[in-house]
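Visitor: A structural model of the following input is requested.
(chains A and B)
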Amino acid sequence: MAVGCLTMVRSMRVLVSFWTAVLSVFFAALYAVVPRLVLAADRLRPLFRFTWPSISGAIPPVDVLRHFARYDAVALAMRLRSRYLQARAFGVNAGGLDAYVQKHVIADTDCMHRWMSAGTGVIYACPHYGPFLLGALLVATQGSNASPSHVFYDPAESVPDNHRFDKFFQQFGDRLSVLHNEPRDLVRALRALKNKQCLSIMFDVVQRPTDSMFVPFFDRLYPAMGGAAYLSLQSGAPIIPAYVVPDRGCKARVVFGQPIEPGSFTNADRDKNIYDMTRTLFGDFQKQLVRAPWHWIYWGNVGAASRFDRNVMRDHATLLAEIRRRCLATPVLLEGSPLLRSLVEGRSEGGPGVWRDEARPDTP
Amino acid sequence: MSVLSDFRLRRKTAALMRSWRQGSPLPLIILPSTATSLQFAAQLSRDIPVVVIGNPRLLTAWAPSFCAQVNSPLEVWREVKAYKQLPYAVISYPDQLTSVDPSFHKVAIGGGSCAFSIIEMMLLMKFRSPTYLGKARFHGHGEKAASTLALNRFAGEMSDGLPKEEFDAWMLRLMEPVIECNRNPHDGWLARDIFPLKMNENLEKMLKIRLLEIEGLLRMVDDLPEAASLYRELQIELQSLRRKPWPLAA
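Guide: Numbering: from 1, shown residues only, chains lettered A, B, ... in the order given. Reported below is the predicted structural model:
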């Protein structure tokens, strides 16, 4: 009995000392490793801070994302490469422009010359996609002192970061002129196109959605400006979608989309032509995004845009349901629009609508 | 709605009905618009006389079988002002009302200002009825979003001559159920898209965007002959609405 007890006590002691040793080693390792990990993370933080905002803001909505395996890893690598190329491009000066573009930008220059010699100007529709600055530099090389190229984007008053681009483009003097999204510069842009010069325009972001039109884009109503289409229709210059993607060996490749000729849009209603051209442009952009979504940084805007049922394209009832849904979200709207009210109440379409009661005063 | 929350709702309505039968005055209940709170209102209206203050259009769309009587604040005030006690329980959904007249009072919330109807304050000042604020707890996302509802008794005695500077504070306390929902908007909050319209800075922008979206939908499908004629019909109205100013009352 006593021997049994002694054996049990001894085995307990062994067990306790074994686990004490294991835990001591574990905690010693933990204390040794954790501070090093923290320090390492701290060193990595600048890189993380540099890339994370662009990654987190550039994640497509879930319904779009599920088409792309390993989106995050590829996006991180691509965004880093784009950032690097863009940062390097900011070091270019006027004297080294041609050499830099020749060395670092791959593009079908024969096509560009063909478009330029067609007798009209050219509008390069260049979104914030990949190292897009290199696309602007390529356009700059097409200009000369006698016939400059132009870049068209929002002024620094509405997008403070654009001040940096203004300052950078200024150094190219008469070869590249900066035009801002203002009425006066719109006239200058039109004049330039009529003089057979080329213009690069950023079309994928809208600062004031209330002054835009809504085009279908990834099954959403996406706000778009009709500036490129307007300029094209007024001047006869084609719109060439141009997407800049990082390539091997610290180079960028400019991929051109399907040219959009203004001559193909001949409706008597000018607004309809502008809408149709803008829709075609965004259709081309969507195709490029399906091929390589990771270079675009404004996916957040797509996520925020209003979704619609794709069946509206062929089904009148779905269209009415979509309109009703939007009116439901803004009941005040119906009080100012009798036609819209009759539409959503279902009077004109037959069948019971969602709205059965008349509008009543809501307040004492 | 889960069986558990259904059971809780029944318990709440039973408790309110019991206190009413024992002679207590009928309550004023302020709720956020959720599926559970609508169910609660429907349930309560079967047991005791209830009037709901809300937007009938929204309620019909959110709960087609909603059986309670829905009135506007104006109608409620006209009916009750002659009584000494509330003749029926009033359930108010402040997050559904987006009108723009002077009976709405603006209070500052979260860096902006939000306009609420003053009907609840008027009812509270006149009748001093027991007041309950509904607190919604949400879980799940998207189509699986659901919520539970807790009723908290509103504490505090309002003085007869309420000083002007205290009005906003009282209003904020009364509107806590919907302001709370607005802090972390959840898919289960039915008025999630409506509430921003109560803010002056958002109203005009959101209305214009909605109009542009409707225009975009009609333009997009103009291959459909019915849609094309509809667009032509609506075009002038949509354009004039886009130019119209929509200010909230001061």
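
Visitor: host element of whichever residue of chain B sits closest to chain A?
Guide: Going by CB to the nearest CB, chain A is nearest to residue B:216 of chain B, at 3.1 Å. For the C-beta atoms, the positions are set from N, CA and C on the backbone; glycine is no exception. Here residue B:216 is covered by helix B:200-220, with elements defined by DSSP states H and E.

Visitor: With just CA atoms, put that helix into CSV.
Guide: What follows is helix B:200-220, C-alpha atoms only, in CSV (Å, rounded to 0.1, in the frame of the first residue of the first chain):
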residue,chain,number,x,y,z
ASN,B,200,-30.6,68.1,-44.8
GLU,B,201,-27.2,67.7,-46.4
ASN,B,202,-28.1,64.3,-47.9
LEU,B,203,-31.7,64.9,-49.0
GLU,B,204,-31.1,66.9,-52.2
LYS,B,205,-28.2,64.8,-53.3
MET,B,206,-29.9,61.5,-52.7
LEU,B,207,-33.1,62.6,-54.5
LYS,B,208,-31.1,63.7,-57.5
ILE,B,209,-29.1,60.5,-57.6
ARG,B,210,-32.3,58.4,-57.4
LEU,B,211,-33.7,60.4,-60.3
LEU,B,212,-30.6,59.9,-62.3
GLU,B,213,-30.7,56.2,-61.5
ILE,B,214,-34.3,56.0,-62.7
GLU,B,215,-33.3,57.9,-65.8
GLY,B,216,-30.3,55.5,-66.3
LEU,B,217,-32.6,52.5,-66.0
LEU,B,218,-35.0,53.9,-68.6
ARG,B,219,-32.2,54.9,-71.0
MET,B,220,-30.5,51.5,-70.6
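
Visitor: buried set for that helix?
Guide: If you call a residue buried by 16 or more other CB atoms under 10 Å in any protein chain shown, then helix B:200-220 has these buried ones: B:200, B:202-204, B:206-220.

Visitor: coming back round to it: let me know the pLDDT of the residue of chain B closest to chain A.
Guide: Residue B:216 is assigned a predicted lDDT (pLDDT) of 89.

Visitor: Isn't it up against residue A:217?
Guide: No: Residue B:216 lies out of contact with residue A:217 (CB atoms under 8 Å); the separation is 10.4 Å.

Visitor: Could you pull up phi and psi at residue B:36?
Guide: Note on residue B:36: backbone dihedrals following degrees, to the nearest 10 are phi -70, psi -40.

Visitor: And for residue B:122?
Guide: According to degrees, to the nearest 10, residue B:122 has phi -70, psi -40.

Visitor: State the number of residues packed around it.
Guide: 17 (other CB atoms under 10 Å in any protein chain shown).

Visitor: I figured it hits residue B:77, correct?
Guide: Yes: Residue B:122 is in contact with residue B:77 according to CB under 8 Å; the separation is 6.5 Å.

Visitor: need the strands for the stretch 151-300 of chain A, in chain order.
Guide: Assigned by DSSP state E, counting those that start in this stretch, the strands in the stretch 151-300 of chain A fall at A:176-180, A:198-201, A:213-217, A:220-224, A:239-247, A:251-256.

Visitor: ok so, going back, any idea how far residue A:260 is from the residue of chain B closest to chain A?
Guide: From residue B:216 over to residue A:260 the distance is 19 Å, taken as CB to CB, to the nearest Å.

Visitor: which non-adjacent residue is nearest the residue in chain A that chain B sits nearest to?
Guide: Of all residues in chain A, residue A:214 sits closest to chain B, at 3.1 Å by CB to the nearest CB. Computed as CB to CB, 6 or more residues apart in numbering or on different chains, the closest residue to residue A:214 that is not its neighbour in sequence is residue B:216, at 3.1 Å.

Visitor: Could you do residue A:257 as well?
Guide: residue A:241 (3.1 Å).

Visitor: which strand residues sit across from the one you found in the sheet?
Guide: Beta-bridge pairing for residue A:241 (DSSP bridges): residue A:125.

Visitor: if I pick it, what's in contact with it?
Guide: A:125, A:256, A:257, A:258, A:260, A:281, A:284, A:285, A:288 (CB atoms under 8 Å, 6 or more residues apart in numbering or on different chains).

Visitor: Show me where the stretch 101-250 of chain A has its helices.
Guide: Ranges of helices in the stretch 101-250 of chain A, per DSSP state H, counting those that start in this stretch, are A:109-116, A:132-141, A:162-170, A:183-194, A:227-235.

Visitor: just those helices: most buried one?
Guide: With neighbours defined as mean count of other CB atoms under 10 Å in any protein chain shown, these peak in mean count at helix A:132-141, which reaches a mean of 25.

Visitor: Quick check: buried residues in the helix or strand hosting residue B:12?
Guide: Using DSSP H and E, residue B:12 sits within helix B:3-21. When burial is assessed from 16+ other CB under 10 Å, helix B:3-21 yields the following buried residues: B:5, B:8, B:9, B:12, B:13, B:16, B:20.

Visitor: would you turn those residues into CSV with pLDDT and distance to chain A?
Guide: Formatted as CSV, those follow (pLDDT from 0 to 100; distance: CB to the nearest CB, whole Å):
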residue, pLDDT, distance to chain A
B:5, 59, 26
B:8, 71, 29
B:9, 74, 26
B:12, 80, 27
B:13, 81, 26
B:16, 84, 25
B:20, 83, 25
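
Visitor: okay if I get those as JSON lines plus distance to residue A:9?
Guide: Output for the buried residues of helix B:3-21, formatted as JSON lines (distance: CB to CB, whole Å):
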{"residue": "B:5", "distance to residue A:9": "56"}
{"residue": "B:8", "distance to residue A:9": "56"}
{"residue": "B:9", "distance to residue A:9": "61"}
{"residue": "B:12", "distance to residue A:9": "61"}
{"residue": "B:13", "distance to residue A:9": "65"}
{"residue": "B:16", "distance to residue A:9": "66"}
{"residue": "B:20", "distance to residue A:9": "72"}
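
Visitor: Check those and tell me the two furthest apart.
Guide: Checked with CB to CB, the buried residues of helix B:3-21 reach their widest spread between B:5 and B:20, with 22.5 Å between them.

Visitor: close to chain B, is stretch A:271-283?
Guide: Yes: using CB under 8 Å from any CB of the partner chain, stretch A:271-283 reaches chain B at A:272, A:275, A:279.

Visitor: Go ahead and confirm residue A:267 touches residue A:276.
Guide: Yes: Residue A:267 is within contact range of residue A:276, at 7.3 Å (criterion: CB under 8 Å).
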